[in-house]
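In: structure for this input, please:
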Amino acid sequence: MPPSNAPASSPSAVRIDSWLWAVRAFKTRSAATAACRAGHIRLNGNPVKASQTVVPGDTIRVRQPGFERILEVHVLIVKRVGAEAASRCYTDHTPERPPAPFLGLPQRDRGAGRPTKKDRREMERLRGQQAE
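Out: Next up, the predicted model:
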């Protein structure tokens, strides 16, 4: 089903970087182009250039930090549309991500006093902060 503000006659093929930007997979078209150049985009299992065209029925894999999105193209659009209209242009086959394990922060014994410099650095390392 084409988005409500999409033209009545949608194009027969669209550049992959333009389509990814239009369906809000990337914030900018240049970011989508850079992802294609870096090899983070695959069309039907093959790495692509930004100028590669997509047609309805194609499967696009977008590698993002920590996971990979799998999108099946239904409607071709060139103009960027709202999030709700964009979500009707594809089917998202991305598997659900497992929750990140929570390690918890170490607890100091009551009355143990102030942490030493070594203790403080270890706590910062566990929190993911840089030690100064």
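
In: for the rest of this, base every contact and every neighbour count on C-alpha atoms.
Out: Fine.

In: helices and strands of the chain: which one bottoms out on pLDDT?
Out: In the chain, no helix or strand scores lower on mean pLDDT, DSSP states H and E than helix 117-127, which sits at a mean of 85.

In: put the alpha carbons of it into CSV.
Out: What follows is helix 117-127, C-alpha atoms only, in CSV (Å, rounded to 0.1, in the frame of the first residue of the first chain):
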residue,chain,number,x,y,z
LYS,A,117,42.5,5.8,43.7
LYS,A,118,42.9,2.3,42.5
ASP,A,119,39.3,1.4,43.5
ARG,A,120,38.0,4.6,41.9
ARG,A,121,39.7,3.8,38.6
GLU,A,122,38.4,0.3,38.7
MET,A,123,34.8,1.5,39.3
GLU,A,124,35.1,4.0,36.4
ARG,A,125,36.5,1.2,34.1
LEU,A,126,33.4,-0.9,34.9
ARG,A,127,31.1,2.0,34.2
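
In: for it, buried residues please.
Out: Neighbour counts over helix 117-127 (16 or more other CA atoms under 10 Å) mark 121, 123 as buried.

In: what about the helices in the protein?
Out: 16-22, 29-37, 83-87, 117-127 (DSSP state H).

In: just give me how far the least confident helix or strand of the chain sits from the chain centre.
Out: Mean-position distance between helix 117-127 and its chain equals 32 Å (CA atoms, centre = their mean, to the nearest Å).

In: packing partners of that helix?
Out: Applying 3 or more CA pairs under 8 Å, 6 or more residues apart in numbering; DSSP states H and E, one finds that helix 117-127 contacts no other helix or strand.

In: of all the helices of the chain, which lies closest to Gly111?
Out: Comparison of the helices of the chain against Gly111 by CA to CA identifies helix 117-127 as nearest, at 15.1 Å.

In: what about the residue lying closest to Val75 once chain neighbours are set aside, how many neighbours?
Out: Setting aside the residues directly before and after it, Val75 is nearest to Cys89 in space (CA to CA, 6 or more residues apart in numbering), at 4.6 Å. For Cys89, the neighbour count with other CA atoms under 10 Å is 22.
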